[in-house]
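Participant: starting from these lines, generate the structure:
(2 chains)
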Amino acid sequence: MDLTPWEKVKLARMPIRPTGLDYIDYIFDGFMELHGDRLYGEDRAIVGGLAFLNDIPVTVIAQQKGRNTKENIARNFSMPHPEGYRKALRLMKQAEKFARPIICFIDTPGAFCGIGAEERGQGEAIATNLAEMVMLKTPIISIVISEGGSGGALALGVADKVYMLEHAIYSILSPEGFATILYKDSSKAELAASDMKLTAQDLYHHGIIDGIIPEPPGGAHNDHEFVTSQVKELISADIDELLGLSVDDMLERRYQKYRNI
Amino acid sequence: MSRNFFKSKQYATSKIYRSKPQELRGSDEEKPNVPQGIMTKCPGCSRVIYTKLLIKNNRMCECGYYFRLSANERLVMIMDEDSFTQIDQQLTTRDPLSFPGYCDKLVRLQTQTGLVDGLITGKGKICGMTTYIGVMDASFLMGSMGTGIGEKLARMFEKATYEGLPVIVFTASGGARMQEGIFSLMQMAKVSAAVAKHSEAGNLYITVLTDPTTGGVTASFAMLGDIILAEPGALIGFAGPRVIEQTIGQKLPEGFQRAEFLLEHGFVDQIVERENLKATLGAFLKLHHKEDRRNL
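Facilitator: So this is what the prediction gives:
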């Protein structure tokens, strides 16, 4: 299915697309959610917990969009506050302690912009995640399932393997924001979407991601089973591969992966 | 100011130059961002100041308003005389997305500002203590971070890790370099990774947040210092104030996202006045001095 970058942006934002919790339900067994950052609060824009992948215990973290307006308000449209990133980091450190692989599902328009987010150090929270994730002594796999918005996405995206769904996008800023800054006209978002090189195909071409996960005709929402079974197969193979590496080798590869961009 | 201030060494060359940029020198006549004209109006108190006097006073107005410093001015102010050696002087971006008009814009800016990109890195001494230092310059595309700046920072942190030396970074940046898209975003991970390795090896990293420090720079290396200092009144935040106002549809309170606000909320160790910066950095370097450094 040949879509323009702008069509992909619109598709990636469609509320009917499978969300983080849909992937969790399909791929893992016995998901137990864990809440709170132990510092300030619970951020429902990020879901985290423990589950089995096949027979291996793993830590799963997902940015969670709502499927309707009510859910979206509760999830803050999947725009995390600092406490969301700190909860994610808490769970990742816990995963390291118990030698559990980590799987992150990225789906956010971006980290939330607001007074509270700034007061509680949005920048510091994201920065700390980046620096800590590079050093975590356990495998990390991140998958951009729909929207990968800027630093708010990257804060769950420093991983041994990074994938995108076929019609997902991943960018430095929304095309609308980009058009406002560079073209001084937010209505030029369509042009921005193409100039920004934000599609999975672009990112794969530029060596930023490790692979693209195919979607069924029309998009992921048409066949959850099709998409999630592929994700499951992929991450199962990756975890086998990564657990076969020494921790030093794994960390050196992870470092070089970003060092060479 | 000494003409020999920048004892430049070249480690890498630019891939995109069409014309050779002006060499970096420490002289006043060639500084790009000296306020135009003999007199400068202070945005803080509306007083009109004799520009030469303002420069002599490290660009501080009597009212307490801080004008932005160029990277050159900052280095002259902070480093011991004749101690600074620049590294990777010619290193700049690869224009990874072949973004329309970007190369021409860079060449134009390089000619205009005399800078190769929005960051100078190097090694030198502060109060006799050897350190690596990176200084961003907001006059070059708002100090935005692209692959050039990311690569320069990563190389500096790797050198400092190898030599067991501290790193000081003065941040001044609007955030990501839009024209480099996802590559710009990935520099946040790349630089944070190099910072993490430097830190893991037990080395000191100090950041000095100057006006403005926002976006992807705040959300990566600016906030990763062991010690985080800030200049008075500096705007520091993740999202820019205008973006926040648009998002939440209300006016922001006075002093929001200023250095003092960050201190109050626990994100900055000290606010240091410009005239005390050198001595403060020197004191922190002395407190972390390691005797058995590798002799490199």
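
Participant: per-residue pLDDT, A:K184?
Facilitator: Looking at A:K184, its pLDDT is 87.

Participant: any idea how far it is from A:F178?
Facilitator: 11 Å (Cβ to Cβ, to the nearest Å). Quick note: C-beta positions are derived from backbone N, CA and C, even for glycine.

Participant: these two - which one has more neighbours?
Facilitator: Comparing A:K184 with A:F178 by neighbour count (other Cβ atoms under 10 Å in any protein chain shown), the higher total belongs to A:F178, at 25 against 8.

Participant: bridging residues for the residue nearest the centre of chain A?
Facilitator: When Cα atoms, centre = their mean is applied to chain A, the residue found nearest the centroid is A:I106 (1.5 Å). Judged by DSSP bridges, the bridge partners of A:I106 are A:V144.

Participant: who's in contact with it?
Facilitator: A:Q63, A:S142, A:I143, A:V144, A:I145, A:G148, A:A153, A:L156, A:G157, A:Y170 (Cβ atoms under 8 Å, 6 or more residues apart in numbering or on different chains).

Participant: now the worst-scoring helix or strand of chain A on mean pLDDT, how far from the chain's geometric center?
Facilitator: Ranked by mean pLDDT, DSSP states H and E, the weakest helix or strand in chain A is helix A:175-182, scoring a mean of 90. Computed by Cα atoms, centre = their mean, to the nearest Å, the separation of helix A:175-182 from the middle of its chain amounts to 22 Å.

Participant: which outside residues touch that helix?
Facilitator: Residues from elsewhere that reach helix A:175-182 (Cβ under 8 Å, 6+ apart): A:6, A:9, A:171-173, A:185-193, A:195-196, A:198, B:178-179, B:243.

Participant: apply 7 Å and report the result again.
Facilitator: Here helix A:175-182 makes contact (Cβ atoms under 7 Å, 6 or more residues apart in numbering or on different chains) with A:V9, A:D185, A:S186, A:K188, A:A189, A:L191, A:A192, A:A193, A:M196, B:M178.

Participant: now, these that are in strands?
Facilitator: Judged by DSSP state E, strands contain none of these.

Participant: which single one of these is nearest to A:A131?
Facilitator: B:M178 (24.1 Å; Cβ to Cβ).

Participant: list the contacts of that closest one.
Facilitator: Counting by Cβ under 7 Å, 6+ apart, B:M178 has contacts A:I172, A:F178, A:I181, A:L182.

Participant: and for A:E215?
Facilitator: Counting by Cβ under 7 Å, 6+ apart, A:E215 touches A:L165, A:E166, A:H167, A:V227.

Participant: try B:K52
Facilitator: If you count contacts by Cβ under 7 Å, 6+ apart, B:K52 has none.

Participant: separation between it and B:T40?
Facilitator: Relative to B:T40, B:K52 is positioned 10 Å away (Cβ to Cβ).

Participant: just A:P214 next, same as before
Facilitator: For A:P214, the distance to B:T40 - Cβ to Cβ - is 60 Å.

Participant: more neighbours: those two, which one.
Facilitator: Using other Cβ under 10 Å as the criterion, A:P214 and B:T40 rank with B:T40 on top: 21 against 13.

Participant: flag every buried residue along stretch B:242-251.
Facilitator: Neighbour-count burial for stretch B:242-251 flags B:V243, B:I244 (criterion: 16 or more other Cβ atoms under 10 Å in any protein chain shown).

Participant: which residues of chain B fall in helices?
Facilitator: B:51-56, B:71-78, B:102-113, B:147-163, B:181-200, B:215-218, B:241-248, B:259-264, B:274-287 (DSSP state H).

Participant: could you identify which of these is most buried?
Facilitator: With neighbours taken as mean count of other Cβ atoms under 10 Å in any protein chain shown, those reach their highest mean count in helix B:215-218, at a mean of 30.

Participant: quick one: residues in contact with that one.
Facilitator: The contact list for helix B:215-218 (Cβ under 7 Å, 6+ apart) reads A:123, A:151, B:145, B:171, B:173-176, B:184-185, B:188, B:236-238.

Participant: among the residues you listed, which are in strands?
Facilitator: B:T171, B:S173.

Participant: buried only: go through the contacts of helix B:215-218 for me.
Facilitator: Neighbour counting over the contacts of helix B:215-218 (16+ other Cβ under 10 Å) leaves A:123, A:151, B:145, B:171, B:173-176, B:184-185, B:188, B:236-238 as the buried ones.

Participant: dump those residues to JSON lines, plus pLDDT and distance to B:Y66.
Facilitator: Shown next, in JSON lines, are those (pLDDT from 0 to 100; distance: Cβ to Cβ, whole Å):
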{"residue": "A:G123", "pLDDT": "98", "distance to B:Y66": "21"}
{"residue": "A:G151", "pLDDT": "96", "distance to B:Y66": "27"}
{"residue": "B:M145", "pLDDT": "96", "distance to B:Y66": "22"}
{"residue": "B:T171", "pLDDT": "98", "distance to B:Y66": "15"}
{"residue": "B:S173", "pLDDT": "97", "distance to B:Y66": "16"}
{"residue": "B:G174", "pLDDT": "95", "distance to B:Y66": "17"}
{"residue": "B:G175", "pLDDT": "94", "distance to B:Y66": "20"}
{"residue": "B:A176", "pLDDT": "95", "distance to B:Y66": "25"}
{"residue": "B:S184", "pLDDT": "97", "distance to B:Y66": "27"}
{"residue": "B:L185", "pLDDT": "97", "distance to B:Y66": "30"}
{"residue": "B:M188", "pLDDT": "97", "distance to B:Y66": "27"}
{"residue": "B:I236", "pLDDT": "97", "distance to B:Y66": "13"}
{"residue": "B:G237", "pLDDT": "97", "distance to B:Y66": "17"}
{"residue": "B:F238", "pLDDT": "96", "distance to B:Y66": "22"}
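
Participant: mind putting those into CSV with distance to B:Y162?
Facilitator: As requested, those are exported to CSV (distance: Cβ to Cβ, whole Å):
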residue, distance to B:Y162
A:G123, 28
A:G151, 29
B:M145, 23
B:T171, 23
B:S173, 26
B:G174, 31
B:G175, 29
B:A176, 28
B:S184, 26
B:L185, 27
B:M188, 23
B:I236, 31
B:G237, 34
B:F238, 32
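
Participant: how much space separates the nearest residue to B:E231 once chain neighbours are set aside from A:G20?
Facilitator: Using Cβ to Cβ, 6 or more residues apart in numbering or on different chains and skipping the chain neighbours, the partner closest in space to B:E231 is B:T210 (4.8 Å). Taking Cβ to Cβ as the measure, B:T210 falls 38 Å from A:G20.

Participant: neighbour-wise, which of the two wins?
Facilitator: The neighbour count for B:T210 versus A:G20, taken as other Cβ under 10 Å, is higher for B:T210 (29 against 26).

Participant: show me what from chain B comes close to chain A.
Facilitator: B:96-97, B:99-100, B:154, B:176, B:178, B:181-186, B:188-190, B:192-193, B:195-197, B:200, B:216, B:218-220, B:222-224, B:237-239, B:243-244, B:247-248, B:257, B:265, B:267 (Cβ under 7 Å from any Cβ of the partner chain).
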